[in-house]
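[1] Predicted model, plus sequence, below.
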Amino acid sequence: MTDPLRPVFVERRAYRRRRLMDAARLLPFVGAVLILAPVVLRPEGRAMTTAPTLIYLFAVWFGLIVGAALIARRLDDEDRGAD
Amino acid sequence: MVPFNVLLAVALGYVAFLFLIAFAAERAAQRGRGFWLRSPAIYTLSLSVYCTAWTFYGAVGYAARSGLEYLTIYLGPTIVFLAWWSLLRKLVRIGRTQRITSIADLISSRYGKSPGLAVFVTVLAVVGTTPYIALQLQSVTLSFSVIARSVDGGWALPNVNATAFVVAAGLALFTILFGTRNLDANERHHGVVTAIAVEAIVKLVALLAVGVFVVWGIAGGASDMLSRIARSPIAEAAAPGPRWVALTALSAAAIICLPRMFQVMVVENADERHLSTAAWAFPLYLLAMSLFVVPIAVVGLEILPEGQNPDLYVLTLPLQEGREGLAMLAFLGGFSSATSMVIVAAIALSTMVSNHIVMPIWLRMNGGRGATVSGDVRQIVLNARRASIGAVLLLGYLYYRLTGGTEALASIGLISFAGVVQVLPALVGGIFWRGATGRGAATGLAVGFAVWLYAMFLPSFGDWVMPAHVLAEGPFGVGWLAPERLFGLGGIDPMLRALLVSLGPNTAAFVVVSLLDFPSPLDRLQAAQFVNVLDNSRRPAGWADTRAEAEDLLVMAQRIIGADEARAIFAEFAHEQGKAGALPDPTPAFIERLERELAGSVGAATAHAMIAQITGGASISVEDLLAVADETAQMMEHSSQLEAKSRELARTARQLQEVNEKLRELSEQKDAFLSQVSHELRTPMTSIRAFAEILMAEDGLSGEEVRRYSGIIHDESLRLTRLLDDLLDLSVLENGRVSLDSQECNLHDIIDSAVKATESIISGRAIEIRREATAENVRLRTDPDRLRQVFINLITNARKYCAAASPVLRIRVRVLRDGIIVDFIDNGDGIAPQHRDIIFEKFSRLSDQAAAGSAGLGLAICREIVTRLGGSIAYLAGEAGTAFRVTLPRQADGRAPVRAGADTGVSSEGEAA
């Protein structure tokens, strides 16, 4: 995006909002890496042990949900504030 | 034990309850009290149609077979919902701004409102969804029979197929009742959505209840459960990495591409902000749904007898433990999962079928008369939709009968997923890549669909469609064409292979054709609209030129969206246009808006075609765009011409004003001149008359007196004559009628004769004249008499006005390259700066003293003469006394005045001196 009218620097609030959007965009990639890690990074030929992996996956899953909720809530608040 | 009657009663009661819920929600929405119907919670719960009977029953079976792999079916959608900000928000925004009715509509609308693509995606969706509907029917009948078998003494389910048919018919009825109440797909189906939300809660509660019962009822809590898992057959699973990744990707893609998911996520979305809640709440729902899957599978494997279908552990475990109530709840949960999926899928598919297949055919059959012929299009669309719902469910039932209901639930689900996922490249490419074209999308879809049909869908029917030898060895013995070893990918996982061989060529064809293609104007327009939807929600400029009549449009709109709604829209727009009546002008903006409204009912392609029939322009062509561009260019040129003209007019007006001002000044000058002349003439005339009267009247005048008086008369007459001469002179000079007698002469001679002439004048004091004889010796071509007149005037002035005790006049001559400067400098007082400009004006005299005999015309005449001679005269500042500088050209041709002092260098011609 090379919009000549877009200011180079934005004030603090808008800056925070942009970073929040960055986080929202980044989150699925973080999630994908964390979710695929236990199988993809497993040494060749070794089977996956169900119980520990199960705990790991649910922990990651829950963490991602909390992260998404925090970001979504903040973005929502910003939206309402901006109106 | 559960008697069949009780089971039937519970099932029917539950269905009645759902009807009631749906009915109440519709009523509330109609009365405008249904604000809670539009809450983020309802939206999130409605998304749970993703969790079908396959999820409810099949996930446990999946876990019992392959361990944790079932989780990928939930983790994929989780990742997609984490990407709500960049992906889902865009989809929902597009859906709302373009009034998208289905995924086929989205693809068609994106790629130039292509009807062909819409048909294609619709067929794909129907074919891909039919197995899934069959799966739901199968699961419901299975669950019925499971509970039936568990009864002591056993009551055989009268007829499994009949059960499936009754279920399908009941679902069709519900869907038709609540799914086709209103035509506009963008008006939410509140009843359906609310019923689905309730079902979402039921299935979650049921699965959680069974899970809690298993972990804390059968096993001894969480830690005991973990150790049981570790001891179970699925404690370790091979879980190959590529398959894990492929399944996650597949389920992630499916949640975007599944028609029913698109329906609840995009079409039924009431507020874009609900997404921000669903972004975390829906993954949370999925997490809860999958939390107890492994424990149920492990315990089922452990305590249930060998040979039990693991797909039904959710039901059989409570029954085994004698918990009929829990089993009933589980049954309702499974029933909810199945029904909600079927209902939404049927609505989504019927919308597509009626909008993209039935309506275009109907329009075609009605020929060019289109929507303006008599007949209620609205009713036709609704009926088409109802028939489509019936047809979709019938197809599902037939598929169920054909496949015999023997497949493992999970594998049918995956085949289904892989089918609808073929839309993914066109969909994602369409909303993120402006270069994606309709032909590219069509090619990609065709390739992907063909491979999927051949490699996955047809083999799922069993031997009678695709014989085993073809399956294993390929048609005509061509090994690499065998569905199981397509393109030589025999060694890898079937799932991964199916994805690679279908999505791979699909994406490749889509991208390559798009890169080589040049899209239609409408295609490009829509591409910009879709890809940049988050940046600017501008409207497309589709209908550039229109011959549509507002009344025709109203007639058509009434037939599609209903009389009241159509009138309301027209009136609203007329009001916006500032018109009093009910019919707005058919401006492009209005037609676009109307098209969008109609698109909400019959889909973008159909709406576009219908409007086109009335407006006469099927779509904008390059020529149209060029014409518009031309017009714009012409208008711009025209306006710039106008601007130039107005600038010119302003300039002319200014000039006129200036000229006018000058005329006024001239007129004033003339008046002043006349009064001045009259005054100047009057003064001598008065004295002449007075003395003449004395001479006439007085007899006894002495000779002395007579001489004196007649002398005065003579003097005054002379002065009058001189004045008249001067005036005449000036007039001649000013009118340019003077004829110059140019001849070669010597400046020295002219000055000589001028000095001599002034000496003969008696009046005035003597003045010493200092000259530079050698410098004066310059030859020039001019009118010597005129020049002499100038010099005489200047010398006379010096004699008259020089106030010094012993007046001295210095005449200085300098020769420049192209001119001669003659300075007349006396040792008087000089002229004050503020007077230096006016001394050359007519009748200007600085004082009255010593002014006798002068009318103040001398310098004015001098200036005129010098100007005629091509030179200039100016007061020379910076000298001791009064000084005038006369600049003359060497060649007085009367044309080019010489710039005084333009060049100080003495020219080589100076040697002529």
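    Perfect, I can see it now.

[2] And residue 1, what's its pLDDT?
    Picked chain A for this. Among the per-residue scores, residue A:1 holds a pLDDT of 44.

[3] that answer is for a different chain, and I need it for chain B
    pLDDT at residue B:1 comes out at 51.

[4] now residue B:824, what's its secondary structure?
    Following DSSP: H, G, I helix; E, B strand; the rest coil, residue B:824 is assigned to strand.

[5] ok now do residue A:62, which residues does it touch?
    residue B:287 (CB atoms under 8 Å, 6 or more residues apart in numbering or on different chains). In this view, the C-beta of every residue, glycine as well, is placed from N, C-alpha and C.

[6] in the helix or strand harbouring it, what's buried?
    Assigned by DSSP states H and E, residue A:62 falls within helix A:50-82. By neighbour count on 16 or more other CB atoms under 10 Å in any protein chain shown, the buried set for helix A:50-82 is A:50-51, A:53-54, A:57, A:60-61, A:64-65, A:67-69, A:71-72, A:74-75, A:78.

[7] likewise stretch B:111-123?
    B:111, B:112, B:113, B:114, B:115, B:117, B:118, B:119, B:120, B:121, B:122, B:123.

[8] In three-state terms, label the last one for me.
    In three-state terms, and counting by three-state DSSP, residue B:123 is helix.

[9] Do you know the pLDDT at it?
    If you check residue B:123, the pLDDT there is 87.

[10] swap in the second one?
    pLDDT for residue B:112: 80.

[11] Am I right that it sits in a strand?
    No - counting by three-state DSSP, residue B:112 is not part of a strand but coil.

[12] tell me, how many neighbours does the residue lying closest to it once chain neighbours are set aside end up with?
    Distances taken as CB to CB, 6 or more residues apart in numbering or on different chains place residue B:523 nearest to residue B:112, at 3.5 Å, with adjacent residues excluded. Using other CB atoms under 10 Å in any protein chain shown, residue B:523 has 22 other residues around it.

[13] what's the farthest-apart pair in the buried residues of stretch B:111-123?
    Largest separation among these by CB to CB: B:112 and B:123, giving 19.1 Å.

[14] starting at the chain centroid, how far to the helix holding residue A:62?
    8 Å (CA atoms, centre = their mean, to the nearest Å).

[15] re the thing from before, so which elements touch the helix or strand the residue nearest to residue B:112 falls within?
    Secondary-structure assignment from DSSP H and E places residue B:523 in helix B:521-531. Applying 3 or more CB pairs under 8 Å, 6 or more residues apart in numbering or on different chains; DSSP states H and E, one finds that helix B:521-531 contacts helix B:103-110, helix B:424-432, helix B:622-697.

[16] coming back round to it: doesn't residue B:440 make contact with the residue nearest to residue B:112?
    No - using CB atoms under 8 Å, residue B:523 makes no contact with residue B:440, being 10.1 Å away.

[17] Chain B against chain A: which residues are in contact?
    Residues of chain B lying near chain A by CB under 8 Å from any CB of the partner chain: B:67-68, B:71, B:75, B:78-86, B:226, B:229-230, B:232, B:234-241, B:244-245, B:248, B:273, B:276-277, B:279-281, B:283-284, B:287, B:291, B:294.

[18] lowest-confidence helix or strand of chain A?
    strand A:48-49 (a mean of 73; mean pLDDT, DSSP states H and E).

[19] and that one with chain B, contact?
    Yes - judged by CB under 8 Å from any CB, strand A:48-49 comes into contact with chain B at A:48, A:49.

[20] List the neighbouring strands of that strand plus their orientation.
    strand B:236-237 (antiparallel) (DSSP bridges).

[21] Would you check the distance separating the partner strand from the middle of the chain?
    On CA atoms, centre = their mean, the centre of strand B:236-237 falls 55 Å from that of its chain.

[22] angle of the helix or strand just after that strand against helix B:424-432?
    Per DSSP H and E, the first helix or strand lying C-terminal to strand B:236-237 is helix B:241-257. Angle of helix B:241-257 versus helix B:424-432, following axes from the mean of the first three to the mean of the last three CA atoms, to 10 degrees, is 60 degrees.

[23] among the helices and strands packed on helix B:521-531, which gets the worst mean confidence?
    For the helices and strands packed on helix B:521-531, the weakest mean pLDDT is recorded on helix B:622-697, namely a mean of 80.

[24] helices or strands up against that helix?
    helix B:521-531, helix B:703-734.

[25] Give me the below-cutoff pLDDT ranges for the stretch 51-200 of chain B.
    Applying pLDDT under 70 to the stretch 51-200 of chain B flags residues B:148-161, B:181-188.

[26] Repeat that for chain A.
    A:1-10, A:43-47, A:79-83.

[27] Might you enumerate the residues of it proximal to chain B?
    Near chain B, when you scan chain A using CB under 8 Å from any CB, you find A:21, A:24-25, A:27-28, A:31-32, A:35-36, A:39-40, A:42, A:47-51, A:53-55, A:57-58, A:61-62, A:64-66, A:68-69, A:72-73, A:75-76, A:79.

[28] And the pLDDT at the closest residue to residue B:807 other than its chain neighbours?
    Of all residues not flanking residue B:807 in the chain, residue B:767 sits nearest, at 4.2 Å (CB to CB, 6+ apart). Residue B:767 is assigned a pLDDT of 80 by the prediction.

[29] Roughly how far does residue B:767 sit from residue B:831?
    Look at residue B:767 and residue B:831: by CB to CB, to the nearest Å, they are 17 Å apart.

[30] looking at it, residue B:585 is touching residue B:576, isn't it?
    No - at 10.7 Å, residue B:585 and residue B:576 do not qualify as touching, with contact defined as CB under 8 Å.

[31] And residue B:694, how close does it get to residue B:705?
    For residue B:694 relative to residue B:705 (CB to CB), the value is 9 Å.

[32] hang on, the earlier thing: just the buried ones from the residues of chain B next to chain A, in ChimeraX syntax?
    This is how ChimeraX selects the buried members of the residues of chain B next to chain A, with burial counted by 16+ other CB under 10 Å:
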select /B:67,68,71,75,78,79,80,81,82,83,84,85,226,229,232,234,235,236,237,239,240,244,245,248,273,276,277,279,280,281,283,284,287,291,294
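
[33] just to revisit the earlier point, winner for burial among the helices and strands packed on helix B:521-531?
    Comparing these by mean neighbour count (mean count of other CB atoms under 10 Å in any protein chain shown), helix B:103-110 comes out on top with a mean of 30.

[34] Next, the angle from that helix to helix B:241-257.
    Using the same axes, to 10 degrees: helix B:103-110 against helix B:241-257 is 80 degrees.

[35] So which of the residues of chain B next to chain A are in helices?
    Counting by DSSP state H, the residues of chain B next to chain A place B:75, B:78-82, B:226, B:229-230, B:241, B:244-245, B:248, B:276-277, B:279-281, B:283-284, B:287, B:291, B:294 in helices.

[36] Mind listing residues that contact the helix or strand containing residue B:452?
    Element membership of residue B:452, judged by DSSP H and E, is helix B:438-452. Residues outside helix B:438-452 that contact it (CB under 8 Å, 6+ apart) are B:107, B:110-112, B:114, B:116-117, B:120-121, B:124, B:418-419, B:422-423, B:425-426, B:429-430, B:486, B:498, B:501-503, B:505-515, B:517, B:519-520, B:523.
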